[in-house]
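>>> what shape does this take:
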Amino acid sequence: MVNKVKIRNTTIEIMQGDITDRNVDAIVNAANNELQHGGGVALAIVKKGGYVIQEESNKFGFCETGKAVITTGGNLKANFVIHTPGPIYGEGDEDKKLKKAILCCLNLANSKNLKSMAFPAISTGIYRFPKDKCAKIMLNTIAKYVKTKDTDLREIFVVLYDGETYNIFDKEFKNLKI
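Predicted coordinates:
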């Protein structure tokens with residue numbers, strides 16, 4: 001299942017699949033603040049990409065919610081992993097923090113002149129952020145970014161692991177204001 005739209009020079013595409021299999025310049029890791037990759041997307045990335053990703057993350061030690069850091073991709077098809085701690089649902093100001101995390105990832109990718117990147121559904125796992133709210137914030141933030149910024153990014157994927165999450169994002173994608 002795939003759905004895509006082109007805005008200026010960038011294609012935004014949502015799809016169901018495994019983000020660790022994407023052949024892109026960078027994949028985004030929905031990290032925790034300590035950058036310890038022990039569960040969810042983070043664990044899958046380290047398992048497939050190798051412990052070097054965790055070792056490089058350890059050098060940063062801590063990353064504030066809504067910020068992002070970048071490491072190599074180890075053995076992944078992606079050259080880099082952009083790690084961003086998303087908000088924990090219920091901590092307050094979650095929508096603003098999620099938007100900030102997404103923008104930080106986009107800005108970091110752009111500063112490195114990356115051409116392609118892939119996002120997971122940030123904070124919708126153990127952080128319990130509602131998937132429908134995440135879809136709306138994520139897709140609108142990405143669309144507005146590529147519509148208003150000069151960027152080298154040509155492909156931005158939102159890779160959703162299961163059919164339920166894909167369907168939620170697909171519904172929001174069809175309502176996307178371009």
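>>> mind checking which helix or strand of the chain has the lowest mean pLDDT?
Lowest by mean pLDDT, DSSP states H and E among the helices and strands of the chain is strand 2-7, with a mean of 89.
>>> now that one: how far from the chain's centre is it?
16 Å (CA atoms, centre = their mean, to the nearest Å).
>>> so Thr151 is in which element?
Under the criterion DSSP states H and E, no helix or strand holds Thr151.
>>> am I right that it is in contact with Ile7?
No: the criterion here is CB atoms under 8 Å, and Thr151 misses it with Ile7 at 10.4 Å. C-beta: built from backbone N, CA, C; applies to glycine.
>>> still on that earlier bit, keeping just the C-alphas, turn the least confident helix or strand of the chain into CSV.
This file holds the C-alpha atoms of strand 2-7, laid out as CSV (Å, rounded to 0.1, in the frame of the first residue of the first chain):
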residue,chain,number,x,y,z
VAL,A,2,1.4,3.4,-1.1
ASN,A,3,0.1,6.9,-1.4
LYS,A,4,2.1,9.9,-2.5
VAL,A,5,2.0,13.5,-3.5
LYS,A,6,4.6,15.9,-5.1
ILE,A,7,5.0,19.4,-3.6
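>>> just checking, what packs against it?
Counting contacts by 3 or more CB pairs under 8 Å, 6 or more residues apart in numbering; DSSP states H and E, strand 2-7 is packed against strand 10-16, helix 131-148, helix 163-174.
>>> now these in CSV, please, with extra columns for distance to Gly38.
Formatted as CSV, those follow (distance: least, CB to CB, whole Å):
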stretch, distance to Gly38
strand 10-16, 25
helix 131-148, 22
helix 163-174, 21
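>>> quick check: which of the ones you listed is nearest to Asn79?
Evaluated with CB to CB, those place strand 10-16 nearest to Asn79, the distance being 18.6 Å.
>>> so Pro120 makes contact with Ile19?
Yes: judged on CB under 8 Å, Pro120 makes contact with Ile19 at a distance of 5.2 Å.
>>> any shared contact partners between those two?
Counting by CB atoms under 8 Å, 6 or more residues apart in numbering, the residues touching both Pro120 and Ile19 are 27-28, 41, 159, 161.
>>> let's have these in CSV, adding neighbour count and pLDDT.
Output for the shared contacts of Pro120 and Ile19, formatted as CSV (neighbours: other CB atoms under 10 Å; pLDDT from 0 to 100):
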residue, neighbour count, pLDDT
Ile27, 27, 98
Val28, 33, 98
Val41, 23, 87
Val159, 25, 98
Tyr161, 18, 93
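>>> between those residues, which is closest to Met15?
Nearest to Met15 among those, counting by CB to CB, is Val159 at 5.8 Å.
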